[in-house]
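Colleague: Next input, structure requested:
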Amino acid sequence: MGLLQEKDKEQIREMFKILTNEVTITLFTQEIECQYCHETQEILEEVAQLSDKVQFKLYNFVSDKEAVEQYQVDKAPATIIEGDRDYGIRYYGIPSGYEFSSILEDILDVSKRDSGLSDESKALLKEINQPVRLQVFVTPTCPYCPKAVRMAHKMAMENEFITADMVEATEFPELSMKYNVRGVPRTMIGEDFPIEGALPENAFVQKVVGSFKQMQ
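Modeller: The predicted structure is shown next:
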């Protein structure tokens, strides 16, 4: 018995009918010290089975060292949504609750090879010309978190220097403590610049670009 109900599968099949280009879901998992690796693998495999445009790749976080280095993942479970290239879209932790919708919408964007950001945002993001890591801390029960996750992932799609991580705060408590996460969503731009809450697109992009300039 799978984790997805049949009615949910039907809705996702319908959603995936508009997929144009192939998408690969790449998962890094491990056997020990990973509370939700098994469930994450199960749910992502079920999603991949709902369209012939969606492929699923599985790596072991401990033993597949070359792939870990290639994708630069640093914890598990780690999920990457990629198309003709790796767009820097990362999920650390199980994409459950409200975040399940983020995975599905990311698949649609990656299939289109289009972030969907405004021309103004795209132009502004060109100012980022050095690596920047965004970490969006979330919980599965937070209804505002997917908006922040999706914004970060769209920015990563748009700019090859940006990597955007969804981090499930309760699965990685040491990171939540390190970055003083007391409410979600909380987005860290690099190590020192936080965004509280889910900002509108223009404000989010301006904050990220402005923080990047302060890092230089």
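
Colleague: contacts, neighbours, all on C-alpha from now
Modeller: OK.

Colleague: Residue ranges of each domain in the chain, please.
Modeller: Domain segmentation of the chain under automatic domain parsing yields 6-86, 119-215.

Colleague: Provide a list of residues in contact with I162.
Modeller: In this structure, I162 makes contact with 88, 131-134, 155-156, judged by CA atoms under 8 Å, 6 or more residues apart in numbering.

Colleague: In helices, which of those residues fall?
Modeller: Of the positions in the contacts of I162, 155-156 sit in helices, assigned by DSSP state H.

Colleague: beta partners for R186?
Modeller: As for beta bridges, R186 partners with F137, E196 under DSSP bridges.

Colleague: wait, which of the domains of the chain is closest to L104?
Modeller: domain 6-86 (8.0 Å; CA to CA).

Colleague: what's T24 sitting at in phi/psi?
Modeller: When quoted as degrees, to the nearest 10, the phi and psi of T24 stand at phi -120, psi 130.

Colleague: Look up the closest residue to it, ignoring the ones flanking it.
Modeller: The shortest distance from T24 to any non-neighbouring residue, by CA to CA, 6 or more residues apart in numbering, is to Q55 (4.6 Å).

Colleague: Burial-wise, tell me which of the domains of the chain comes out on top.
Modeller: With neighbours taken as mean count of other CA atoms under 10 Å, the domains of the chain reach their highest mean count in domain 119-215, at a mean of 19.

Colleague: May I have the distance across that one, first residue to last?
Modeller: End-to-end span of domain 119-215 (CA to CA, to the nearest Å): 25 Å.

Colleague: and the helix or strand that contains K207, what other elements does it pack with?
Modeller: Assigned by DSSP states H and E, K207 falls within helix 201-215. With contacts taken as 3 or more CA pairs under 8 Å, 6 or more residues apart in numbering; DSSP states H and E, helix 201-215 sits against helix 119-125, helix 145-158, strand 186-189.

Colleague: Compute the inter-axis angle for the longest one and helix 201-215.
Modeller: If I follow you right, that is helix 145-158. For helix 145-158 against helix 201-215, the angle by axes from the mean of the first three to the mean of the last three CA atoms, to 10 degrees is 60 degrees.

Colleague: now helix 145-158: how far from the chain's centre is it?
Modeller: 7 Å (CA atoms, centre = their mean, to the nearest Å).

Colleague: What of the shortest one?
Modeller: The gap between where strand 186-189 is centred and where its chain is centred comes out at 13 Å by CA atoms, centre = their mean.

Colleague: Give the other helices and strands that that strand contacts.
Modeller: strand 132-138, strand 193-196, helix 201-215.
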